[in-house]
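Novice: The sequence isn't on hand, but the structure is:
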């Protein structure tokens, strides 16, 4: 009985003396594009599914999406796209624009790709417009993937502007 009590008292100490290295800290990445496209609309609203937050979404199979708990965005995808679309001079038209984010992820099922898919709905058109951009990453490093996402966001914003211009 005494040995059982003595062993159970040493268990917490054994856990403290573990030789396993500490977990690395979470790293944050900025995917805002350097150049932002102005979109001519009076109201731009960006919506994203609840699962798209600050954790980076990674497609690892055709029907499997996972989230990288060690790497996160500085801003959530809806904020990034909203900022990209609301550049200086973005307001001005009578058009109201709703942008629904359908994909904002990395596809690692083949060569690494940053994928952005948006569904646009305007007050003047009953039919939604789909804008889809994929951009190749130089490699699978987090920095290269974040740079690829920034480029995909910039190109998606440019395509939204083109779609609204006619």
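Specialist: Great, that's in hand. Every value quoted in this text rests on a predicted model; they were computed, and no experiment measured them. Numbers count the residues shown, from 1 in each chain.
Novice: buried residues in the lengthiest helix in the chain?
Specialist: Longest helix of the chain, by residue count under DSSP state H: helix 142-165. Across helix 142-165, burial judged by 16 or more other CB atoms under 10 Å covers 142, 145-161, 163-164. Every residue, glycine included, has its C-beta placed from N, CA and C.
Novice: just stretch 100-118 next, same as before
Specialist: 100-108, 112-118.
Novice: Then stretch 58-65?
Specialist: For stretch 58-65, burial by neighbour count (16+ other CB under 10 Å) applies to 58-59.
Novice: and the end-to-end length of it?
Specialist: 6 Å (CA to CA, to the nearest Å).
Novice: coming back round to it: how far away from the center of its chain is the longest helix of the chain?
Specialist: Remark: helix 142-165 is offset 12 Å from the chain centroid, using CA atoms, centre = their mean, to the nearest Å.
Novice: per-residue confidence averaged over it?
Specialist: The pLDDT scores in helix 142-165 average 89.
Novice: Pull the most distant pair out of the buried residues of stretch 100-118.
Specialist: 100 and 112 (24.9 Å; CB to CB).
Novice: quick revisit: now, among the buried residues of stretch 100-118, which is nearest to residue 137?
Specialist: Using CB to CB, residue 112 is the member of these that lies nearest residue 137, at 4.1 Å.
Novice: Next, find the distance separating that closest one from residue 138.
Specialist: Distance, residue 112 to residue 138, by CB to CB, to the nearest Å: 8 Å.
Novice: Find residues that contact each of these two.
Specialist: 144, 148 (CB atoms under 8 Å, 6 or more residues apart in numbering).
Novice: how about the helices of the protein, start to end?
Specialist: Applying DSSP H to the chain gives helices spanning 2-16, 77-85, 142-165.
Novice: Residue 140 and residue 111 touch, don't they?
Specialist: No: with contact defined as CB atoms under 8 Å, residue 140 does not reach residue 111; the gap is 9.3 Å.
Novice: Show me where the protein dips below the pLDDT cut-off.
Specialist: 1-20, 23-24, 36-43, 87-94, 166 (pLDDT under 70).
Novice: Mind doing that once more with 50?
Specialist: Applying pLDDT under 50 to the chain flags residues 5-7, 9-15, 88-92.
Novice: just checking, which of the buried residues of stretch 100-118 belong to strands?
Specialist: 100-107, 113-118 (DSSP state E).
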